[in-house]
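Enquirer: missing the sequence, but the structure's below:
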């Protein structure tokens, strides 16, 4: 009869631990689930821009600002576009992305980023910021993908 009490305690304790861990699907994976930024320049000149990533849950600008940097993207060459990649810059979550392109029209370009649920590699989330020139209007513009 004394044997059943420790066994019962063990089962109850083990059940409580398993219940507590049931929602932890990322336990032990070692992945940081950080987001990369990839800047691509499809113009013949070096381009500078300022990028800000703002969290949606921030009450004020300083609380919402998760990332703020100026980036210089090389010009395209004969074989490929200019490319800069920043690894693991922020945790993978929703952001308001703001980009100011130097030499552009002096306006911020905005994009609402939502992490992809269907990506085959969720820990490899990337946001592409592409710079183009509209030859007809002779203006620079930014596209987010």
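Expert: Thanks, I have it. Source: prediction; values computed, not measured.
Enquirer: dump the residue contacts of the spatially most central residue of the chain.
Expert: Within the chain, the residue whose C-alpha comes closest to the C-alpha centroid is residue 35; the distance, by Cα atoms, centre = their mean, is 3.4 Å. Residue 35 makes contacts with 88, 89, 90, 91, 92, 115, 125, 126, 127, as judged by Cβ atoms under 8 Å, 6 or more residues apart in numbering. (Glycine included, C-beta is placed from N, CA and C.)
Enquirer: how close does the last one get to residue 49?
Expert: Between residue 127 and residue 49 the distance, using Cβ to Cβ, to the nearest Å, works out to 13 Å.
Enquirer: Surely the residue nearest to the centre of the chain is in a helix?
Expert: No - judged by DSSP: H, G, I helix; E, B strand; the rest coil, residue 35 forms no part of a helix; its state is strand.
Enquirer: Identify the bridge partners of it.
Expert: residue 90 (DSSP bridges).
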